[in-house]
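Chemist: Provide a 3D model corresponding to the input given below.
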Amino acid sequence: MPKSSKKSRSSRSKSAYRFSVHVKKSPRKLLKRSSRKPKKSKSKKKSKSKKSTPWLAHVKAVYKEGLKKNKGYKFSQALKDAAKSYKK
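Modeler: Numbering: from 1, shown residues only. Below is the predicted model:
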């Protein structure tokens, strides 16, 4: 007698069976979900332009000078250089 190719439920792994079963939601939960108010779309706030502080103005000036001397000058290096020359 040939064995059937179908696997019995007991031979399936538990995880494979768990994901194949569909669980129906209770009518009470469905009613709650349908009676909810629709969410309002969040409006994007316009960001105000930040004022340039004296420190940032100094860093930008140092950065521009550094770029004139060296094309590979980085802003991080400008921050370090500006810290040395900045007077409060």
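Chemist: I'd like the mean pLDDT over the one helix or strand residue 78 maps to, please.
Modeler: Element membership for residue 78, per DSSP states H and E: helix 75-85. Mean per-residue pLDDT for helix 75-85: 95.
Chemist: buried residues in that helix, which are they?
Modeler: Going by neighbour count (16 or more other C-beta atoms under 10 Å), the buried part of helix 75-85 is 78, 81-82. Every C-beta, even on glycine, is put in place using the N, C-alpha and C of the backbone.
Chemist: packing partners for it?
Modeler: Secondary-structure packing of helix 75-85 (3 or more C-beta pairs under 8 Å, 6 or more residues apart in numbering; DSSP states H and E): helix 54-69.
Chemist: which outside residues touch the helix it packs on?
Modeler: 52, 73, 75, 77-79, 81-82, 85-86 (C-beta atoms under 8 Å, 6 or more residues apart in numbering).
Chemist: cool, and stretch 71-86?
Modeler: Residues contacting stretch 71-86 (C-beta under 8 Å, 6+ apart): 55, 58-59, 62-63, 66-67.
Chemist: if we go to 6 Å?
Modeler: By C-beta atoms under 6 Å, 6 or more residues apart in numbering, the residues outside stretch 71-86 that reach it are 58-59, 62-63, 66-67.
Chemist: of those residues - the most surrounded one?
Modeler: Compared across the contacts of stretch 71-86, residue 62 has the highest neighbour count, 22 neighbours, by other C-beta atoms under 10 Å.
Chemist: pLDDT value on that residue, please?
Modeler: According to the model, residue 62 scores 96 on pLDDT.
Chemist: so where is this structure shaky, pLDDT-wise?
Modeler: 1-23, 25, 29-38 (pLDDT under 70).
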